[in-house]
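# got a structure for you, letters missing:
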C-alpha cells in the first residue's frame, strides 16, 4: 500500500477513564502575535473559552495561516495541561492540529460555530 506509516495504536491503547481526563474544548482566537523568540516558527495566540476565560497558546501554524485569518477562528484545544514555558511566554493550552509535513500543521476546528468552552465528548 505504499508509504503508510505503521500505527502504534495497539501498543498505546488507553482506557476510557484516561480519555475522560483530557479536556478538549472549543475556543475562539481573539489575538495573534508573532513569536520570533520561539525555536520553530510560531504564533502567540489568545483564545477565548467563554466561562473558562482567555488562555494563551504557542502554536507552530505559521506556514499555513496568516495572522489576520486566525482572529475569529474557532479551534479545539487541550485545556487541562500544565502550562509550558516557551521562552518568556507561558503557553496555557495546547492548540490541536494535524501534522501534514515538517512545516505544515492543519488546525483541528469544529465544522460549525459553537459556544466557546464547549467540551468535546
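Now that the structure is in, tell me what you want to look at. In this text the structure is predicted, and so the values were computed from the model without any measurement. Numbering: from 1, shown residues only.
# Kindly list the longest helix within the chain.
helix 16-21 (DSSP state H).
# what's the model's confidence in that helix, averaged?
Helix 16-21 comes out with an average pLDDT of 90.
# Could you list the residues in contact with the helix or strand following that helix?
Counting by DSSP states H and E, the element after helix 16-21 in chain order, helix or strand, is strand 24-34. By Cβ atoms under 8 Å, 6 or more residues apart in numbering, the residues outside strand 24-34 that reach it are 43-50, 52, 54-55, 67, 70-79, 93, 96, 110, 114-120. C-beta coordinates here come from the backbone N, C-alpha and C atoms, glycine included.
# What's the local residue count around residue 52?
Neighbour count of residue 52, defined by other Cβ atoms under 10 Å: 16.
# Any idea what the spatially most central residue of the chain is bridged to?
Computing the C-alpha centroid of the chain and ranking residues by Cα atoms, centre = their mean puts residue 95 first, at 0.9 Å. Residues in a beta bridge with residue 95, per DSSP bridges, are residue 77.
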